[in-house]
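> Here is my input; please provide its structure:
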Amino acid sequence: LDADNYETDPCLKEIRRAENYSWMDIVTIHKDKLPNYEDKIKTFYEEHLHLDDEIRYILDGSGYFDVRDKDDKWIRISMQKGDMITLPAGIYHRFTLDENNYVKAMRLFVGEPVWTAYNRPADDFPARKQYMKFLAEEA
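Numbering: from 1, shown residues only. All right, here's what the predicted structure looks like:
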């Protein structure tokens, strides 16, 4: 994706149409740009899940998403400018900045945004059960 021209990028426009990503905003994670920076960074790094997919498109900077594999081991995903990731509802994950301590990301949602994170353990939610069923079927 063309992060320098995200406002007019036809590929991003098609992804948003095809996946019905009707809502978006942009967040900058940097000590000078994000209110309550220290608290937010700690919250992002707490292992959690969401009841909806989490879609992030990196417009500038870099960081890491850590996700759990089917054996509950961490996988680190390096994200940099131009990368987009979709974390399925029910997957345990966390986010952290790298040594640059800066990322600017677009957050995309289907419908109205839902920001609620459920820290681990959160295994009783239907989204978690559905995700675990998906993992079992893939194996």
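
> pLDDT weak spots in the protein?
Along the chain, the model assigns pLDDT under 70 to residues 139.

> Need the single longest strand in it, by residues.
Using DSSP state E, we find that the single longest strand of the chain is strand 54-68.

> Can you give the strand pairings for that one, parallel or anti for each?
Partner strands and pairing direction for strand 54-68 (DSSP bridges) are strand 74-80 (antiparallel), strand 84-87 (antiparallel), strand 93-97 (antiparallel), strand 103-109 (antiparallel).

> How far off centre is it?
Between the mean C-alpha point of strand 54-68 and the mean C-alpha point of its chain there is a distance of 6 Å (Cα atoms, centre = their mean, to the nearest Å).

> which of the residues in it are buried?
Judged by neighbour count using 16 or more other Cβ atoms under 10 Å, the buried positions of strand 54-68 are 54, 55, 56, 57, 58, 59, 61, 62, 63, 65, 67, 68. In short, each C-beta sits where N, CA and C put it, glycine included.

> Let me know the closest of these to residue 104.
Of all these, residue 104 sits closest to residue 59, with 4.6 Å by Cβ to Cβ.

> Among the buried residues of strand 54-68, which one sits closest to residue 48?
Sorting these by how near they are to residue 48, with Cβ to Cβ, puts residue 54 at the top with 9.9 Å.

> how far away is the residue nearest to the closest one when sequence neighbours are not counted from residue 62?
Leaving aside its sequence neighbours, residue 54 sits nearest to residue 87 (Cβ to Cβ, 6 or more residues apart in numbering; 4.3 Å). Taking Cβ to Cβ, to the nearest Å as the criterion, residue 87 is separated from residue 62 by 17 Å.
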